[in-house]
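*Asks:* below are the sequence and a predicted model; questions follow.
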Amino acid sequence: MKYLLLMSSFLFFLSTEEAKSTAILEEKIVSIQEEISYISDHSPTIENLIHRPLFIDQKAFQTYLRALPESVDLELIESDYVKLSPFLPKIYLRALLYYRHIEVKPINVEKILSFLFSQKIRILQRIANHKESRGKEALQLLQEVTEINNLNLETTYIELKEVLFSKAKAISEMDHHENFMTALLETKIFTFSLKEILSKNRVPFLQNHGPSLKGNKIVRIKTSINPSPMTSFIEEASETLLVYIPELQGLKASQELETLDQLTNDKIRTNPNFKIVLLYKRADPIQIKTLQKMESDHFLFKKINLSSSQFKRSFYVIDGNSNAPQAIISYFDGQDSLDQPNQEKDSIHVKGPAASLIQFSFVNRVLSDLPKSEQEKFAYFKVTKESIPARGSDEMTLSDHFFIPTPSFKNHDLFLEFIHLAKEEIIIEQRYLLDSTIIEALIHKKRENRDIKIKVFLDTSDDYNPDGFPNSIHMKKLSRYGIQLRTRSKNSQKATSLGYVIVDQSSILINGDQSELAVNDPQMAHSFYLSFIADWSNPEKSFELDIDHFQIRKNSQSFTKDFSTLINDISSFLIKKKLF
């Protein structure tokens, strides 16, 4: 039985015995060129050509079209929109039509088509690599659309990219529009259907299977252990340390920077070439001054531009361009320190090729935003290795959204895919469970399979005002269909297990663009499952929700049952209509 663990964070220090058991597997080398090539080729296209407000917002695009001069053929644009919409997400379609008809740039059309062809091929490649997930059908379809029967599933993109790019270039350069549309609609790589392979839920078909690397050793740990996992982890670094902390604010950030400063000075004494780079999204003036004082040839820092929804967790990577890269992603939100002694939340530590891929992604993003005159000082952190020795047998999958800010991947949609896959049991532990599409998917699964067990821990603690809201909104509806609900004082995890699938992700499971990491590891999944079930059946750790008599509380004051019901009914309606 296999498990999929989808995580939003990680951190760890190996004991001596564990280190022995994870010694580098000299005989096995894992190539990282497939993933690096894909990211390098398409990240600029997504960031510069597609991920623009005009294309993201449908209403904004429609308003823009109405304001165009009469010289622009809106009927032709509308006709193309109808013909092409079955084959790609609307944001990509808007970008494609914009550069074909409005700001006419064949080179941009070529880049967008190259990305679309590549993305669809990679979806088939990833599914075909996982034979338990409709792999045979995916492999057959991959062979059909490429007309190649002996593809190497480990290097499919590298083998095909010249063909994909040439096809995109030839179509984009067609001046006669009818020829352009005919050629595009006759391209199997563009028009093949994934409906029979991917979930039948309402999931955008381009959201599945991001960069994936095998050969890792992955360990899940508690962050409250002593000595500090972060400190111990950095002490293992030999060449480089890459740090990403989204929010550098307050006392926690000051303490973290002080720790980094001390550890950096210690490292320089043993290795004069040791360097650290700190990336962040936001920092308060005090931390900026601290960073400026710390800046040197050995300590670099850079603000990077990520949307508010992109990768909210802190992480550390050591020796990313070596034969022994390691990475830690915290289980905390970005503003939380990795060294909070009283926290009990889990993190994970990865040794192996996936750690290099994380460093490559972020350094690649930093360099793309810098003028050439400034790129040299960050070049030391480039990942130039083509392969990394394996450290274990665990597989790690990182969503495409982790690398390039494409809206094609959402953990919300992936969650719907997992619900579709569940066969025997779904267990959920969330602070918030209020998204109507997820609620309906759970109910549909229960109606479709009455024997499936669905257990949900909802957080109704006093941490949220009013108490339990908005979790209380859908409680009656879930309970009515036989979905079991319990609560405990505080949910330390933010996870979901669906029989053979386990998911760790954000505490607010709504329709957003969260970036996630995924790990195949039966022990992690089984450990989480046993812990969940033990707490579920322990009356000292959890208790049933009094759904029929639930009363919302605010500031220790309870509302009446009828008023609580009214608030929940109104809120449920507003959420379903996306007005709240």
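*Replies:* Now that the structure is in, tell me what you want to look at.
*Asks:* tally of neighbours for Arg138?
*Replies:* Not quite, residue 138 is Ala, not Arg. Number of residues near Ala138 (other Cβ atoms under 10 Å) recorded here: 25. All C-beta spots, glycine's among them, are computed from the backbone N, C-alpha and C.
*Asks:* now Thr384
*Replies:* Counted with other Cβ under 10 Å, Thr384 comes out at 8.
*Asks:* list the contacts for the nearest residue to it once chain neighbours are set aside?
*Replies:* Nearest non-adjacent residue to Thr384, counting by Cβ to Cβ, 6 or more residues apart in numbering: Asn321, 6.1 Å away. Applying Cβ atoms under 8 Å, 6 or more residues apart in numbering, we find Asn321 in contact with Glu239, Thr240, Ser356, Gln359, Phe381, Lys382, Val383, Thr384, Lys385.
*Asks:* of the residues you listed, which belong to helices?
*Replies:* Ser356, Gln359 (DSSP state H).
*Asks:* ranking by neighbours, what's the top pick from the contacts of Asn321?
*Replies:* Neighbour-wise, these (other Cβ under 10 Å) top out at Ser356, 28 neighbours.
*Asks:* isn't it right up against Gly320?
*Replies:* Yes: using Cβ atoms under 8 Å, Ser356 makes contact with Gly320 at a distance of 5.1 Å.
*Asks:* what's the local residue count around Thr182?
*Replies:* 13.
*Asks:* then the one 3 residues further on?
*Replies:* By the criterion of other Cβ under 10 Å, Leu185 has 12 neighbours.
*Asks:* distance of it from Ile439?
*Replies:* 38 Å (Cβ to Cβ, to the nearest Å).
*Asks:* just Leu84 next, same as before
*Replies:* Counting by Cβ to Cβ - Leu84 and Ile439 are separated by 32 Å.
*Asks:* any common contacting residues for Ser356 and Gly320?
*Replies:* Counting by Cβ under 8 Å, 6+ apart, the residues touching both Ser356 and Gly320 are Val383.
*Asks:* packing partners for the helix or strand where Ile121 lies?
*Replies:* Ile121 is located in helix 106-129, with elements delineated by DSSP states H and E. Applying 3 or more Cβ pairs under 8 Å, 6 or more residues apart in numbering; DSSP states H and E, we find helix 106-129 packed against helix 33-44, helix 90-97, helix 135-146, helix 156-172, helix 188-191.
*Asks:* can you find the helix or strand of this structure with the lowest average pLDDT?
*Replies:* Ranking every helix and strand in the chain by mean pLDDT, DSSP states H and E puts helix 16-21 at the bottom, with a mean of 34.
*Asks:* helix or strand: which one has Val30?
*Replies:* Assigned by DSSP H and E, Val30 falls in strand 25-31.
*Asks:* what mean pLDDT does that strand have?
*Replies:* Averaged over strand 25-31, pLDDT sits at 69.
*Asks:* equivalent analysis for stretch 451-464, please.
*Replies:* 71.
*Asks:* what does stretch 59-79 give?
*Replies:* 93.
*Asks:* so what touches it?
*Replies:* Pro53, Leu54, Phe55, Arg94, Leu97, His101, Ile102, His177.
*Asks:* go again using 7 Å as the cut-off
*Replies:* Pro53, Leu54, Phe55, Arg94, Leu97, His101, Ile102 (Cβ atoms under 7 Å, 6 or more residues apart in numbering).
*Asks:* need those in TSV (columns: neighbour count, secondary structure and pLDDT).
*Replies:* TSV is the format used below for these (neighbours: other Cβ atoms under 10 Å; DSSP: H, G, I helix; E, B strand; the rest coil; pLDDT from 0 to 100):
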residue	neighbour count	secondary structure	pLDDT
Pro53	8	helix	86
Leu54	13	helix	92
Phe55	22	helix	90
Arg94	24	helix	95
Leu97	20	helix	97
His101	18	helix	96
Ile102	13	helix	96
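*Asks:* pretty sure Phe457 contacts Phe528?
*Replies:* No: using Cβ atoms under 7 Å, Phe457 is not in contact with Phe528, being 12.0 Å away.
*Asks:* just the CA trace of stretch 262-272, in CSV.
*Replies:* In CSV, the C-alpha atoms belonging to stretch 262-272 read as follows (Å, rounded to 0.1, in the frame of the first residue of the first chain):
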residue,chain,number,x,y,z
GLN,A,262,26.5,33.8,14.9
LEU,A,263,26.3,30.6,12.9
THR,A,264,27.6,32.3,9.8
ASN,A,265,30.6,33.7,11.7
ASP,A,266,31.3,30.2,13.1
LYS,A,267,31.2,28.7,9.6
ILE,A,268,33.6,31.3,8.1
ARG,A,269,36.2,30.3,10.6
THR,A,270,36.3,26.7,9.2
ASN,A,271,35.5,27.6,5.6
PRO,A,272,36.5,31.1,4.3
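*Asks:* that older thread, which of the helices and strands packed on helix 106-129 is buried the deepest?
*Replies:* Most buried of those by mean neighbour count (mean count of other Cβ atoms under 10 Å) is helix 90-97; its value is a mean of 22.
*Asks:* tilt between it and helix 106-129?
*Replies:* Counting by axes from the mean of the first three to the mean of the last three Cα atoms, to 10 degrees, helix 90-97 lies at 150 degrees to helix 106-129.
*Asks:* show me what helix 90-97 is packed against.
*Replies:* Other helices and strands packing on helix 90-97, by 3 or more Cβ pairs under 7 Å, 6 or more residues apart in numbering; DSSP states H and E, are helix 53-56, helix 74-84, helix 106-129.
*Asks:* tell me the most buried of these?
*Replies:* It is helix 106-129: most buried of these by mean count of other Cβ under 10 Å, with a mean of 22.
*Asks:* residue contacts, Phe117?
*Replies:* Going by Cβ under 7 Å, 6+ apart, the list of residues near Phe117 reads Leu164, Lys167, Ala168, Ile189, Phe190.
*Asks:* got the helices and strands packed on helix 90-97 as a markdown table, with distance to Leu141 columns?
*Replies:* Converted to a markdown table, the helices and strands packed on helix 90-97 look like this (distance: least, Cβ to Cβ, whole Å):
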| stretch | distance to Leu141 |
| --- | --- |
| helix 53-56 | 28 |
| helix 74-84 | 20 |
| helix 106-129 | 6 |
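*Asks:* just tell me which of those ends up closest to Asn364.
*Replies:* helix 106-129 (15.8 Å; Cβ to Cβ).
*Asks:* tell me the angle of the closest one relative to helix 33-44?
*Replies:* Going by the same axes, to 10 degrees, helix 106-129 makes 140 degrees with helix 33-44.
*Asks:* where are the low-confidence patches of the stretch 351-500 of the chain?
*Replies:* Within the stretch 351-500 of the chain, the set of residues satisfying pLDDT under 70 comprises 397-415, 417, 430-434, 459-474, 489-500.
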